[in-house]
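>>> curious how this folds, go ahead:
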Amino acid sequence: MTDVSARTAELRVLGPMECTTARPISLGGPKQRLVLALLLAHADEVVTARTLLDTLWGEQAPEDARHTLQVFVSRLRGALHAVGGTLAWQESGYVLTAPPERVDAHRFERLVREAARPDGPVVDPARQRVLLGEALSLWRGRPFGELGDHPALMAECDRLTELRLRATEARIDLDLADGRHEALLPELRALTGEHPLAESLCLRLLLALHRCGRRPEALATYDRMRRTLSQELGVDPSRALQQTHLLLLDDDPRLDTLAPGHLEGVGTGPEASTRDRRTPSVAVLPFEVLGGDQAELLAAGLHAELLVELAKVERLTVVGRFSVLGYAGTVSPLPRIAAELGVGTVVTGSVRVSGDRLALAVELVDAADGRHRWAESYDVALAAPDLLGVQCELARDLSAALSRRLVADLPSTTSSLEVYRLVAEGRLHFDRKTEDDFARATELFRRAIDLDPDYLPAWLGLAEALALTADYAYGDRERLLTEAESAVERCLTLRPTAPEADVARGLIAEARFHAPAARAAYARVLRHVPGHADAHSWTAWMALTVGRPREALPAARRAVQLNPLSAEAVSNLALALLAGGDPAAAHAEAQRAVALSPGFTTARYYAGLALYDLGRFEDAVETLSPLATTTSGALSTAWAGHGPDTALALSHVATGDAPAARTVLAAIDPHEHPVEAGLVHLALGEAREAAEVLDRPVSPGYGPAMLFHLHFSDVWQQLDGDRRGRLEDRIRRSWNDMVSAR
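Numbering: from 1, shown residues only. Predicted structure coming up:
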């Protein structure tokens, strides 16, 4: 292990900030060190002078503020030069660059990445332990020391702290696997005391206690965590923690060997010991195209339809199409891909078209050790009925290899290879869920229907595309929904018992603001297709719309488990966590959704709401300002209406800037948006104006419903109980939801 103290030139931020060189270099006073910290937090990016000036002085900047900033920068260049770094002016700000090995935070992240993603296909626990040990040895305290609490650094401080916790858990898992249970107990007890709501740490403590023969203490520890979660957050323990508790009650011997990451989905009962010990989960990677005309789109179609079939398998997690598409053509080792997607098995395949024949080769690989569990080859005529037949045969074979049962269903057929290709391409566009892709998907489904009016998947795709286009407010709502309803009727004419038609039914009900009908439709979908990722996500969304966050969280978690790289699913999880009272976790998930899709501004809205709930009001203003329609931005969908404006106004109030809040309020029409305008009046302490506005009729919509049910409860409490109850009734009636969640 590297001796950190022997390094002669290094910038340290994983604790009190310092520059270690042969001759100690001062980093100056608090403001100069704050400049350095902000530049390091955004290394290799332009940090504008305006941002630095606002961070240092806000609105009370002295007349010579710019000169003082230039002095700070000049002095810091000496410290940076000592570690081989530079601080240069570009455009309207400064860019700091430094060799990653000379900044402890950058070195920490590199070591953690290396430990999580080994170069070869075989994981070497001894090397992982060395890398994690070296990474964790770099920590000396809170990131940036006393500056870590500054609003401009809190997000980076929280991110680094979370990475430290994940690295610590990874190292603990290695120790658990090595049987060092007794030695881990003091550390785990200290960590769970420091992080009393961290279920992942509690789970590891339960395992260590069980393996040390302290089952009663483990059961008591679980009970304390359950009560803490209930009292602090109003939620139940995670599924993994509940499963561990059940195994503890049974004194199940699998607890002696199971890794923490394998406890999600572990069965219980007399027959459980004969089951596969890993989570029943699979990722089907995009099929490799080896050659031939039309092979690429045919491969995409086979892959997409295979996922549709596997989603019908009960008690099996099948990662959604959107999350696996990014691995097309990847050279990453399969264990690494499996770890990133959170699955136990991976399916790979290849497609070759030669003349009028299509050859398909498929393998099922165990993620833990790369062992091939099953393989098969298929050779069929290049005709739509044969392709439809082989995809069903492949789904049955894979289900059997996974020891799962495929729900019997009659496949829809078409004699046209062109129709098959058009529907496959339409589904690819639909999954992207952008305005342009919805339009393209609709066009492709229409073309398929023109060629074969009796092909059910084309009608199903058209119904869903039209309904979701309307729900996203991308066109003439009534026209789109009327046509979507006609498409559903055609689906039921072709197959009266088609469960897939309930997907479009739910979307249509949502777009018509009928929450009970939408919720019932999604429930029917999931009874027939338990692995339908979107149905889980939309179930969570509707539960949040009607103010039932406890119902939303399990569905949102399942959606992300099925589609871990979907920004929409992850953002819905962020909102469910926020509504459930965990703004820190919500902020982390919202940031992850932004990273998955930088243009998905809905996730940025949730990040701003989480920052407000965390009390980071200035950061909330900064995050929400570009999204508010009263300033310069707009959400990627129109569903939130003036929600971001309202959140921005309340954030201004929380910072003490009432004039800025009133500027935002002036742009919100109180007749069109009484809930939003009334909430801002309440925050400003204008009870009479708020009451007058909030007595007006409420138009149906996601924005006002979620603002009332999920956010700013402290502000809503200022409204008298009778008026608040009447407002709730009007909001619920607008969604045809007459049963209060409270």
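>>> now tell me what touches stretch 472-492 from outside.
Contacting residues not belonging to stretch 472-492 are listed as 433, 435, 438, 456, 459-460, 462-464, 466-467, 469-470, 498, 500-501, 504-505, 507-508, 511-512, 637-639 [C-beta atoms under 8 Å, 6 or more residues apart in numbering]. Just so you know, the C-beta spots here come from the backbone N, C-alpha and C atoms, and that holds for glycine as well.
>>> any of those buried? List them.
Neighbour counting over the contacts of stretch 472-492 (16 or more other C-beta atoms under 10 Å) leaves 433, 438, 456, 459-460, 462-464, 466-467, 469-470, 498, 500-501, 504-505, 507-508, 511-512, 637, 639 as the buried ones.
>>> before we move on, back to that, which of the contacts of stretch 472-492 fall in helices?
435, 438, 456, 459-460, 462-464, 466-467, 469-470, 501, 504-505, 507-508, 511 (DSSP state H).
>>> pLDDT of whichever strand or helix holds Val560, averaged?
Assigning secondary structure by DSSP states H and E places Val560 in helix 549-562. Predicted confidence along helix 549-562 averages 88 (mean pLDDT).
>>> same for the helix or strand hosting Gln591, what does it pack against?
Gln591 belongs to helix 583-596 when elements are defined using DSSP H and E. If contacts are counted by 3 or more C-beta pairs under 8 Å, 6 or more residues apart in numbering; DSSP states H and E, helix 583-596 sits against helix 151-177, helix 567-579, helix 601-613.
>>> how about the helices in the stretch 1-150 of the chain?
30-41, 49-57, 65-82, 104-116, 125-137 (DSSP state H, counting those that start in this stretch).
>>> once you drop chain neighbours, what's closest to Leu565?
Nearest residue to Leu565, sequence neighbours excluded (C-beta to C-beta, 6 or more residues apart in numbering): Ser323, at 3.8 Å.
>>> that neighbour: how many residues sit nearby?
22 (other C-beta atoms under 10 Å).
>>> can I assume it sits in a strand?
No. Per DSSP: H, G, I helix; E, B strand; the rest coil, Ser323 lies outside any strand segment and is helix.
>>> picking that back up, quick one, which of the helices and strands packed on helix 583-596 gets closest to Leu76.
Closest to Leu76 of the helices and strands packed on helix 583-596, according to C-beta to C-beta: helix 151-177, at 16.0 Å.
>>> show me what whichever helix or strand comes after the closest one is packed up against.
As assigned by DSSP H and E, the chain's next helix or strand after helix 151-177 is helix 181-194. Helix 181-194 sits against helix 151-177, helix 199-211, with contacts defined as 3+ C-beta pairs under 8 Å, 6+ apart.
>>> which parts of helix 181-194 are buried?
Quick answer for helix 181-194 (16+ other C-beta under 10 Å): 181, 184-185, 187-188, 191-192.
>>> now, among these, which is nearest to Ala155?
Using C-beta to C-beta, the buried residues of helix 181-194 come closest to Ala155 at Leu191, 22.8 Å.
>>> give the contact list for the closest residue to the closest one other than its chain neighbours.
Nearest non-adjacent residue to Leu191, counting by C-beta to C-beta, 6+ apart: Leu201, 5.1 Å away. If you count contacts by C-beta under 8 Å, 6+ apart, Leu201 has them with 165, 169, 188, 191-192, 195.
>>> at 7 Å what do you get?
For Leu201, the contact set (C-beta atoms under 7 Å, 6 or more residues apart in numbering) comprises 169, 188, 191-192, 195.
>>> which pair of those spans the longest distance?
Largest pairwise distance in those, by C-beta to C-beta, is 11.7 Å, between Glu169 and Thr192.
>>> show me what the helix-or-strand element of the chain with minimal mean pLDDT is packed against.
Here the helix or strand of the chain ranked lowest by mean pLDDT, DSSP states H and E is helix 334-341, holding a mean of 76. Applying 3 or more C-beta pairs under 7 Å, 6 or more residues apart in numbering; DSSP states H and E, one finds that helix 334-341 contacts strand 281-284, strand 345-354.
>>> just those strands: most buried one?
strand 281-284 (a mean of 25; mean count of other C-beta atoms under 10 Å).
>>> just checking, what packs against that one?
helix 295-310, helix 334-341, strand 345-354.
>>> recalculate using a threshold of 10 Å.
Counting contacts by 3 or more C-beta pairs under 10 Å, 6 or more residues apart in numbering; DSSP states H and E, strand 281-284 packs against helix 295-310, strand 317-318, helix 321-325, helix 334-341, strand 345-354, strand 357-366, helix 384-401.
>>> the fifth one: partners in the sheet, and parallel or antiparallel?
Each strand that pairs with strand 345-354, with its direction, by DSSP bridges: strand 281-284 (parallel), strand 288-291 (parallel), strand 357-366 (antiparallel).
>>> work out the gap between the second one and the centre of the chain.
What it means is strand 288-291. Here the centre of strand 288-291 is set off from its chain's centre by 32 Å, with C-alpha atoms, centre = their mean, to the nearest Å.
>>> how about that strand as PDB, C-alpha atoms only?
Output of strand 288-291 as PDB, limited to C-alpha atoms (Å, rounded to 0.1, in the frame of the first residue of the first chain):
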ATOM      1  CA  GLU A 288     -24.500  -8.800 -32.200                       C
ATOM      2  CA  VAL A 289     -25.000  -8.500 -35.900                       C
ATOM      3  CA  LEU A 290     -22.500 -10.700 -37.800                       C
ATOM      4  CA  GLY A 291     -23.700  -9.800 -41.300                       C
END
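>>> which ones are touching the residue nearest to Gly641 when sequence neighbours are not counted?
Nearest-residue entry for Gly641: Gly703, 3.6 Å, with adjacent residues in sequence omitted and distances by C-beta to C-beta, 6+ apart. For Gly703, the contact set (C-beta atoms under 10 Å, 6 or more residues apart in numbering) comprises 635, 638-646, 673, 675-676.
>>> report the beta-bridge partners for Leu364.
Val347, Trp374.
>>> so for Arg140, what's the pLDDT?
For Arg140, the predicted pLDDT is 91.
>>> list the contacts of the residue nearest to it when sequence neighbours are not counted.
Spatial nearest neighbour of Arg140, chain neighbours left out: Gly15 (2.9 Å); criterion: C-beta to C-beta, 6+ apart. By C-beta under 10 Å, 6+ apart, Gly15 lies in contact with 104, 138-145, 148.
>>> got it, and Pro216?
Going by C-beta under 10 Å, 6+ apart, the list of residues near Pro216 reads 209, 248.
>>> quick one: it is in a strand?
No. Pro216: not assigned to a strand; according to three-state DSSP it is helix.
>>> how far does the least confident helix or strand of the chain sit from its chain's centre?
Counting by C-alpha atoms, centre = their mean, helix 334-341 comes out at 17 Å from the chain centroid.
>>> then stretch 14-31?
With C-alpha atoms, centre = their mean, you get 37 Å for stretch 14-31.
>>> quick check: closest non-adjacent residue to the residue nearest the centre of the chain.
The centre of the chain sits closest to Val570, judged by C-alpha atoms, centre = their mean, with a distance of 2.3 Å. Computed as C-beta to C-beta, 6+ apart, the closest residue to Val570 that is not its neighbour in sequence is Ala593, at 4.1 Å.
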